[in-house]
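Novice: just coords:
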């Protein structure tokens, strides 16, 4: 097969055969197709698309570039959750212990933050000592012992995805439904799971901003999962404001602790219960999603979910003293309370901008080489629909750098819009597709 | 400026500003934008296009990546011809001496053959001793002395084009009207010319196969030329069969000699007269294209054009003995006469396939590293509209390799279609645009 002819074929809008997809993925992974040809191909795929068969084949091909973890020794249902990413989205930290404590196994492979969104690995690593970099055999032991394990993508898992994702990131070919689908599903299928719950974010803080694109992506993910005989339930959820009230790595761990301890019942709590409920239902520990939600709530009320979280932290090397007593965690050099200079109802938040403000404070990275400050971030005291008077505290900024506080304060203020009338609130869960 | 944001902008179909185009061309030429980003950008340009302003700016930017040859010391009109390339197209070799002998200067920078088409440089270099690799100062002297010079693209001329063209060639981004326009015009404008005659090939042997695309390319080239205040006349000409009767490097020089000596009056002669006429008219040595053609014919009849050709060959180091006495030129090891096994009128020739057969015989190259055999090629005895009986000789194949003769014979036979009724002949010159 000739690479230029294949680029031409996709450029002219023709579908690839199975052999052709296997060829380009294999040759690129083996460095036999150079980056400059593959990036032209990625742009052609971005602009001309791939049909569902091509997408499933691409997923299969990327999955098979590496190992599929064999979890057959675990006698129980294995389920994971995947979120397409947003600002303040820390549900993984809450869901894994809830679902594991309900007797369903959760082998969870997560990513790092990039751009305006945070990553589960960075959040977990803000817990002193916590390691997300376990060997596969160690990870299997942890999973077997406590019912869940939270690790990063290893070298063995979908190496083609790692290579292709890096190239997409620098060639403006990220937001493509077939490419996103294959990237997500090749990794999730490698986990050896039986079922998957999807949290597809839509709104101004999501990667896929429009609702119709979110539906398309969801259908593409479900089609692909089903073609691999996996059970799947997808939630399309609102990302027109940050999820919960804490943004930044340690701050998000802290909020997760509060939710797991039953001290907070905000939107983060509601979404976590919903997603955990669906996972418990898929894992056959409840008759319906609704019954699953009841189990999830119970696991918080009876303290089992929190206990499970402490167990995970301990097993992955984290210091549980910081969990049991968050006050001993190092404090940022500067904390600035941002007060409103307007009055009215908050009716819009530019969530992307708030994520970028958090990055500015030190909580995120623009390039993969950037270092993260686990203490940095934002505590949001007010969200959409809240009434604010002149001088009321809207949020709190945490950083080691005074200049960063100044620049991010401006970003936050510019990102919030007010109205005189109380706005109608967006539904948190917009649609369930299965 | 951020390269990923610029790729995204073009990917989403937005036009670039002048600064943005200058940025990407400059940064790529300086190796500050890597190949893999530039190839994604090229694919986005290929699929989303560029408007006339962007195309002219891209041309300007590529032109200014190198030197513009200053020919002000030459007191006379300077004109060049550019052809988009086809099979058997050797008009440059005929036109340059005709127009120079009419007192109009022709500084001609040509390219090499690639794929199914030949290149003027390869044809000239089939003349023993002929050098197309003159220094700029030597080239200026030759031009000043004999009125024309035939050289290749030097390092100083549009280096951005050289880099971008190499990348387009391996990323399936060649056939893009704005990219073709900028590539052609950046080189032609660097020649320091006052006017330009364009020969845009259309048909099954051309790079741009459809007539409507040829019109679009022509308009794009004319718009760009005019935005640089150059006079331009464009001919859209037929490439549904090879031009003339000889294909292959020395064979094409040989046919050019016959035309310049007035011994052949075929389609090659007709097109050469037309193009030369337009150049003589632009150079103000005739009142109209038609009057220019009369001058061109006269220069052949009175022997001045042929004399001028000998002068060029001599000045560029070529051995004129081979021109005056072509019989002494080395002969190929094998010459095969291909005879028809059908009868009827030739009504179709797959010109691309005939070009590829010539390449197969040794006359062309698939990659830039391939070596060319100057003796190899095809003499076509019959063309479209000719009546052929069983056993009639259709063509003659020249090669040093018997196996190549066999494979190319099959290609030629497959490329020719017959009909019972005499076909209507295509017009050689389909349109003149100015």
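Specialist: Thanks, I have it. Note that the coordinates shown come from a computational prediction; the quantities given were computed from them, not determined experimentally.
Novice: In chain A, where is pLDDT below threshold?
Specialist: Applying pLDDT under 70 to chain A flags no residue at all.
Novice: Chain B contacts on that one?
Specialist: A:3-5, A:7-8, A:11, A:34-40, A:42-44, A:46-48, A:167, A:170-173 (Cβ under 8 Å from any Cβ of the partner chain). To be clear about C-beta, it is placed using only N, CA and C from the backbone, and glycine gets the same treatment.
Novice: Of these, which belong to helices?
Specialist: Judged by DSSP state H, these include A:3-5, A:7-8, A:11, A:35-40, A:42-44, A:46-48, A:167 as members of helices.
Novice: Separate out the buried members of those.
Specialist: A:3-4, A:7-8, A:11, A:35-40, A:42-44, A:46-48, A:167 (16 or more other Cβ atoms under 10 Å in any protein chain shown).
Novice: and residue A:128, how far is that from residue A:323?
Specialist: 10 Å (Cβ to Cβ, to the nearest Å).
Novice: which one of those two has more residues nearby?
Specialist: residue A:323 (22 against 14; other Cβ atoms under 10 Å in any protein chain shown).
Novice: where along the stretch 101-250 of chain A do the strands fall?
Specialist: A:106-110, A:148-152, A:195-202, A:231-238, A:246-247 (DSSP state E, counting those that start in this stretch).
Novice: List the neighbouring strands of the first one plus their orientation.
Specialist: According to DSSP bridges, strand A:106-110 has the following sheet partners: strand A:148-152 (parallel).
Novice: Touching the partner strand from outside, list them.
Specialist: A:92, A:96-97, A:99-100, A:105-112, A:120-121, A:124, A:132-134, A:139-140, A:142-143, A:308, A:312, A:315-316 (Cβ atoms under 8 Å, 6 or more residues apart in numbering or on different chains).
Novice: same deal with stretch A:255-274?
Specialist: Counting by Cβ under 8 Å, 6+ apart, A:88, A:90-91, A:93-95, A:97-98, A:199, A:235, A:237, A:243-246, A:289, A:293, A:296-297, A:300-301, A:305-306, A:309, A:323, A:326, A:383, A:428-429 sit against stretch A:255-274.
Novice: Straight-line length of that stretch, end to end?
Specialist: By Cα to Cα, to the nearest Å, the extent of stretch A:255-274 from end to end equals 18 Å.
Novice: Now that stretch: buried residues?
Specialist: For stretch A:255-274, by 16+ other Cβ under 10 Å, it's A:255-260, A:264, A:267-269, A:271-274.
Novice: residues touching residue A:199, list them.
Specialist: A:81-84, A:89, A:91, A:234-235, A:237, A:271, A:275.
Novice: Between which two of those residues is the distance greatest?
Specialist: A:89 and A:234 (15.5 Å; Cβ to Cβ).
Novice: neighbour count winner among those two?
Specialist: Applying other Cβ under 10 Å to residue A:89 and residue A:234 shows that residue A:89 carries more neighbours, namely 27 against 24.
Novice: separation between that one and chain B?
Specialist: 24 Å (Cβ to the nearest Cβ, to the nearest Å).
Novice: Residue A:76 now?
Specialist: For residue A:76, the distance to chain B - Cβ to the nearest Cβ - is 44 Å.
Novice: and the closest residue to that residue other than its chain neighbours, how far is that from residue A:149?
Specialist: Nearest non-adjacent residue to residue A:76, counting by Cβ to Cβ, 6 or more residues apart in numbering or on different chains: residue A:105, 5.0 Å away. Note on residue A:105: its distance to residue A:149, by Cβ to Cβ, is 9 Å.
Novice: same thing with residue A:142?
Specialist: 4 Å.
Novice: These two: who's more crowded?
Specialist: residue A:149 (25 against 19).
Novice: Just list whatever residues bridge to the more buried one.
Specialist: Bridge pairing for residue A:149 - DSSP bridges - gives residue A:107.
Novice: what's the neighbour count on the residue in the stretch 301-434 of chain A positioned nearest to chain B?
Specialist: Proximity of the stretch 301-434 of chain A to chain B (Cβ to the nearest Cβ) peaks at residue A:366, 10.5 Å away. Residue neighbour count, defined by other Cβ under 10 Å, stands at 12 for residue A:366.
Novice: Run through the residues that contact it.
Specialist: For residue A:366, the contact set (Cβ under 8 Å, 6+ apart) comprises A:115, A:359.
Novice: Just say helix, strand or coil for it.
Specialist: coil (DSSP: H, G, I helix; E, B strand; the rest coil).
Novice: Return the distance of it relative to residue B:40.
Specialist: 20 Å.
Novice: Look at stretch A:64-72 and report the distance between its end residues.
Specialist: 18 Å.
Novice: in that stretch, what's buried?
Specialist: Buried-residue list, stretch A:64-72, by 16+ other Cβ under 10 Å: A:64-67, A:69, A:71.
Novice: Tell me the one of the residues you listed nearest chain B?
Specialist: Checking the buried residues of stretch A:64-72 one by one against chain B (Cβ to the nearest Cβ), the nearest turns out to be residue A:65, at 19.2 Å.
Novice: residues contacting the closest one?
Specialist: A:25-26, A:29, A:158-161, A:186.
Novice: Filter those residues down to the buried ones, PyMOL style.
Specialist: This is the PyMOL syntax for the buried subset of the contacts of residue A:65, where burial follows 16+ other Cβ under 10 Å:
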select buried, chain A and resi 25+29+158+159+160+161+186
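Novice: okay if I get the contacts of residue A:65 as a markdown table plus distance to residue A:335?
Specialist: Below are the contacts of residue A:65 laid out as a markdown table (distance: Cβ to Cβ, whole Å):
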| residue | distance to residue A:335 |
| --- | --- |
| A:25 | 48 |
| A:26 | 52 |
| A:29 | 47 |
| A:158 | 41 |
| A:159 | 42 |
| A:160 | 44 |
| A:161 | 39 |
| A:186 | 42 |
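Novice: Just the closest of the contacts of residue A:65 to residue B:376, please.
Specialist: Nearest member of the contacts of residue A:65 to residue B:376, counting by Cβ to Cβ, is residue A:26, at 37.4 Å.
Novice: Helix A:3-11 and the helix or strand hosting that closest one, what's the angle between them?
Specialist: Per DSSP states H and E, residue A:26 falls inside helix A:18-29. Using axes from the mean of the first three to the mean of the last three Cα atoms, to 10 degrees, the direction of helix A:18-29 lies 120 degrees away from that of helix A:3-11.
Novice: Need the residues that contact helix A:18-29.
Specialist: By Cβ under 8 Å, 6+ apart, the residues outside helix A:18-29 that reach it are A:1, A:3, A:6, A:9, A:16, A:33, A:38, A:41, A:54, A:57-58, A:61-62, A:65, A:159-160, A:163-164.
Novice: let's see it at 7 Å
Specialist: Contact with helix A:18-29 is made by A:1, A:6, A:33, A:38, A:41, A:54, A:57-58, A:61-62, A:65, A:159-160, A:163, as judged by Cβ atoms under 7 Å, 6 or more residues apart in numbering or on different chains.
Novice: from the contacts of strand A:148-152, which would you call buried?
Specialist: Buried, going by 16+ other Cβ under 10 Å: A:92, A:96-97, A:99-100, A:105-112, A:120-121, A:124, A:132, A:134, A:139-140, A:142-143, A:308, A:312, A:315-316, out of those.
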